[in-house]
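Colleague: Quick one: sequence plus predicted model below, questions after.
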Amino acid sequence: MFDDRLVIETPGKLPGLVKINNIRKTHFSRNPNIMKILKEYSFVREHGEGVDRMFDGMELAGLEAPEYEQNSFMTILTLKNGKHKSNLINEEETKYVRLTKEQIEKLQILLKRE
């Protein structure tokens, strides 16, 4: 977890025919039996529902779409929260200015509005 994003790393590649460029259209379950039980008990409605909900939620919030990366042994998902590193203020950056914690918090609120 970072100030400007959440990064989720999971071992292994995307399953089956699912690729980064088709993740919203192609659904595949690594374990169909677990998926069947989850569906029977109404924990999920359909394969891939979570991916669609994530993309839709980010768009509804006015945030960038989720970003997937994949290498030979890991899949990485990055969710950006709309903050830019240049707009974040931390104690290290303000130690020479001598701002109080309250002043730093107020500046952060103002920067979020821009």
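Modeller: Everything's here; your move.
Colleague: Can you tell me the centre-most residue of this structure?
Modeller: residue 79 (2.4 Å; CA atoms, centre = their mean).
Colleague: and this protein, what are its domains?
Modeller: Listed domain ranges for the chain are 1-83, 84-114 (source: automatic domain parsing).
Colleague: from the chain's centre, how far out does the longest one sit?
Modeller: On the basis of CA atoms, centre = their mean, to the nearest Å, domain 1-83 is displaced by 9 Å from the centre of the chain it belongs to.
Colleague: Okay, now it: how far is its last residue from its first?
Modeller: End-to-end distance for domain 1-83: 13 Å, by CA to CA, to the nearest Å.
Colleague: Ok, stretch 17-26 next?
Modeller: End-to-end for stretch 17-26, by CA to CA: 7 Å.
Colleague: what residues does that stretch touch?
Modeller: 14, 16, 27-28, 48, 51-52, 55, 68-70 (CB atoms under 8 Å, 6 or more residues apart in numbering). Placement of C-beta: from N, CA and C, glycine included.
Colleague: and after the helix or strand of the chain with the lowest mean pLDDT, which helix or strand comes next?
Modeller: Ranked by mean pLDDT, DSSP states H and E, the weakest helix or strand in the chain is helix 91-94, scoring a mean of 56. Next along the chain after helix 91-94, taking DSSP states H and E as the criterion, comes helix 101-113.
Colleague: Please consider this matter closed, and thank you.
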